[in-house]
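Peer 1: Coordinates for the following, if possible.
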Amino acid sequence: MLNCADDVLTAGRATLLEAAPGLMHGAAAKGAVRRFLVSITPDNGSSIALAQKMGSRRTGEQIDTEDGPEYRYEPIVGASGA
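Peer 2: Okay, here's the model as predicted:
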């Protein structure tokens, strides 16, 4: 699991946008990962915008035991950055 704290996401937005696709493709190519999920609290607009900019779409909701309600995002196959 790759876990990025919100302050890292918002402070390093350009770096994450550049690095994430390479990390995802590398992990998938090695067969290490079959599915990528991002969970974001509904009030975290900057992370939602970042997930969408990276080519992800909202696929559901969940309740996290620590953070409460969260939206689930997954990369759109064939999207730029995914």
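Peer 1: List the residues that contact the residue positioned nearest the centre of the chain.
Peer 2: With distances taken as CA atoms, centre = their mean, V38 lies nearest the centre of the chain, 3.8 Å away. Going by CB atoms under 8 Å, 6 or more residues apart in numbering, V38 touches S47, A51, S56, R72, Y73, E74. For the C-beta atoms, the positions are set from N, CA and C on the backbone; glycine is no exception.
Peer 1: Okay, it and S46: tell me how far apart.
Peer 2: 13 Å (CB to CB, to the nearest Å).
Peer 1: counting contacts, what elements does the helix ranked longest in the chain pack onto?
Peer 2: Longest helix in the chain by number of residues (criterion: DSSP state H): helix 13-29. Helix 13-29 sits against helix 45-53, with contacts defined as 3 or more CB pairs under 8 Å, 6 or more residues apart in numbering; DSSP states H and E.
Peer 1: Hey, what's the angle from the helix it packs on to helix 13-29? Just curious.
Peer 2: 50 degrees (axes from the mean of the first three to the mean of the last three CA atoms, to 10 degrees).
Peer 1: ok, then the element right after helix 45-53?
Peer 2: strand 56-64 (DSSP states H and E).
Peer 1: Let me see the mean pLDDT of that following strand.
Peer 2: Averaging pLDDT along strand 56-64 gives 94.
Peer 1: change the start of the numbering to 29 and stick with it
Peer 2: Yep, numbering from 29; the last one is strand 84-92 now.
Peer 1: immediately after it, which helix or strand?
Peer 2: Counting by DSSP H and E, what follows strand 84-92 is strand 96-103.
Peer 1: how about the nearest residue to I76 once chain neighbours are set aside, what does it touch?
Peer 2: Take I76 and drop its neighbours on the chain: the residue closest to it by CB to CB, 6 or more residues apart in numbering is I68, 5.5 Å away. When contacts are counted by CB under 8 Å, 6+ apart, I68 touches S75, I76, A79, E98, Y99, Y101.
Peer 1: Equivalent analysis for L65, please.
Peer 2: Applying CB under 8 Å, 6+ apart to L65 gives the contacts R100, Y101, E102.
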